[in-house]
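A.B. asks: Just to be clear, the model below is a prediction. Sequence and coordinates:
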Amino acid sequence: MWGPQIFLDNAGVAYTQTGPNSIRYIQQAHTIHVHLAAEPQWEVALNSDRKAIGMAPLGAIDIAPATSEVFARWTQQKRSMRLDIDPTRLKRLACTEFENDTFELRPPKFGFIDKKAYTLSLWMQREFGSEGGYNLETFDALVTIYSIHLLRTYSSLHKHPFPLVVGGLPPTTWNRVRDFIYGNIGTTLTIEQLASVAQLSPSHFNRAFKQTAGQSPHQFVISTRLEHARNLVVTTKEPFSQIAEATGFSNNSHMTALMKRIWGMTPSQIRGEHRPERN
């Protein structure tokens, strides 16, 4: 009731919009909370009755490791993005990125502004407001990027050497990943999954893929999905709802909104300009 939320593979994202309130909880996930508006009277306590009280500026970040007891209170309308990451997902990422799944999260000081986390939160906010519905791959990609940033910035792994990787994907790897995307376009395709196909860490894969394809993995997946859907719209008489499902869209409204945004035409208009072949 505080705002829209989405649940992914061992993660959850919530765009919170609520009036003055307070909350106390213990949960199993790691929690990251980014302020999308300044909070002049923000109170927070972590595993203690001793509260930090003061201004939480725009872009300030709060981190609560899993199993922490968290208390928070605010005195006016609050807008924030909250990301919950299950420990199993963060450990899996730590293993692929650092070859070490043993780490400790280290929350920053009260009121600390994290520009990258704020930018990622704004992208999530924009995705929540997408016409026709949000895209699962986009959210999952943002959660993966967010999680790697969390490990690199706020964990005991932050001093781990960051390998300098240049160049795109080798042709054989590119073909293998592209064939996997084409063969599984009707399913949800995540960066972690595609990186595993390429046998690379998610961050390395994300950079190399973008250099090779000229767009990020989730953008490429959406483009491929749209082209495949357009081909079915033109060459078959299948209902649009079935085409949307077969090509991995959450629903027909989502497919229609993206087609209209990219091509300026709805599926009905596209089909109307072509004579479908008989099945």
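C.D. replies: Here it is on my side, so go on.

A.B. asks: all helices for this structure, in order.
C.D. replies: Counting by DSSP state H, the chain has these helices, from start to end: 87-98, 115-128, 136-154, 171-183, 191-198, 202-213, 217-235, 240-246, 252-263, 267-272.

A.B. asks: which one of those lies closest to residue 108?
C.D. replies: Between residue 108 and the helices of the chain, the shortest separation by CB to CB is 6.4 Å, and it involves helix 136-154. Placement of C-beta: from N, CA and C, glycine included.

A.B. asks: want to try CSV for the helices of the chain, with mean neighbour count as columns?
C.D. replies: Formatted as CSV, the helices of the chain follow (neighbours: other CB atoms under 10 Å):
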stretch, mean neighbour count
helix 87-98, 18
helix 115-128, 17
helix 136-154, 21
helix 171-183, 14
helix 191-198, 20
helix 202-213, 20
helix 217-235, 19
helix 240-246, 17
helix 252-263, 18
helix 267-272, 15
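
A.B. asks: Which of those helices sits closest to residue 79?
C.D. replies: With respect to residue 79, and counting by CB to CB, the nearest of these is helix 115-128 at 8.7 Å.

A.B. asks: So for the residue nearest to residue 246 when sequence neighbours are not counted, what's the pLDDT?
C.D. replies: Leaving aside its sequence neighbours, residue 246 sits nearest to residue 186 (CB to CB, 6 or more residues apart in numbering; 5.3 Å). Residue 186 is assigned 92 on the pLDDT scale.

A.B. asks: Go through the helices of the chain and name the closest to residue 4.
C.D. replies: helix 115-128 (5.0 Å).

A.B. asks: got the angle for the closest one vs helix 136-154?
C.D. replies: Using axes from the mean of the first three to the mean of the last three CA atoms, to 10 degrees, the inter-axis angle of helix 115-128 relative to helix 136-154 is 170 degrees.

A.B. asks: Now do helix 115-128: which elements does it pack against?
C.D. replies: strand 11-18, strand 30-35, strand 78-85, helix 136-154 (3 or more CB pairs under 8 Å, 6 or more residues apart in numbering; DSSP states H and E).

A.B. asks: That one vs strand 30-35, what angle?
C.D. replies: Comparing the axes of helix 115-128 and strand 30-35 via the same axes, to 10 degrees yields an angle of 90 degrees.

A.B. asks: re the thing from before, make a markdown table from the helices and strands packed on helix 115-128 and add mean pLDDT and distance to residue 200 to it.
C.D. replies: Written out in a markdown table, the entries for these read as follows (pLDDT from 0 to 100; distance: least, CB to CB, whole Å):
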| stretch | mean pLDDT | distance to residue 200 |
| --- | --- | --- |
| strand 11-18 | 94 | 21 |
| strand 30-35 | 96 | 24 |
| strand 78-85 | 96 | 21 |
| helix 136-154 | 93 | 13 |
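
A.B. asks: Please render those as JSON lines that adds distance to residue 201 to the earlier fields.
C.D. replies: Compiled in JSON lines, the helices and strands packed on helix 115-128 are given as follows (distance: least, CB to CB, whole Å):
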{"stretch": "strand 11-18", "distance to residue 201": "18"}
{"stretch": "strand 30-35", "distance to residue 201": "20"}
{"stretch": "strand 78-85", "distance to residue 201": "17"}
{"stretch": "helix 136-154", "distance to residue 201": "9"}
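
A.B. asks: Which of these sits closest to residue 67?
C.D. replies: Ranking these by proximity to residue 67 (CB to CB) places strand 30-35 first, at 9.5 Å.

A.B. asks: which secondary structure elements does the closest one contact?
C.D. replies: Checking 3+ CB pairs under 8 Å, 6+ apart, strand 30-35 ends up next to strand 61-64, strand 78-85, helix 115-128, helix 136-154.

A.B. asks: mind checking which of these is nearest residue 94?
C.D. replies: Each of the helices and strands packed on strand 30-35 was scored for nearness to residue 94 using CB to CB, and the closest is helix 136-154 (5.6 Å).

A.B. asks: got the angle for the closest one vs helix 202-213?
C.D. replies: Inter-element angle recorded for helix 136-154 and helix 202-213: 130 degrees (by the same axes, to 10 degrees).

A.B. asks: Can I get the helices and strands packed on strand 30-35 in CSV including distance to residue 23?
C.D. replies: As requested, the helices and strands packed on strand 30-35 are exported to CSV (distance: least, CB to CB, whole Å):
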stretch, distance to residue 23
strand 61-64, 11
strand 78-85, 10
helix 115-128, 19
helix 136-154, 21
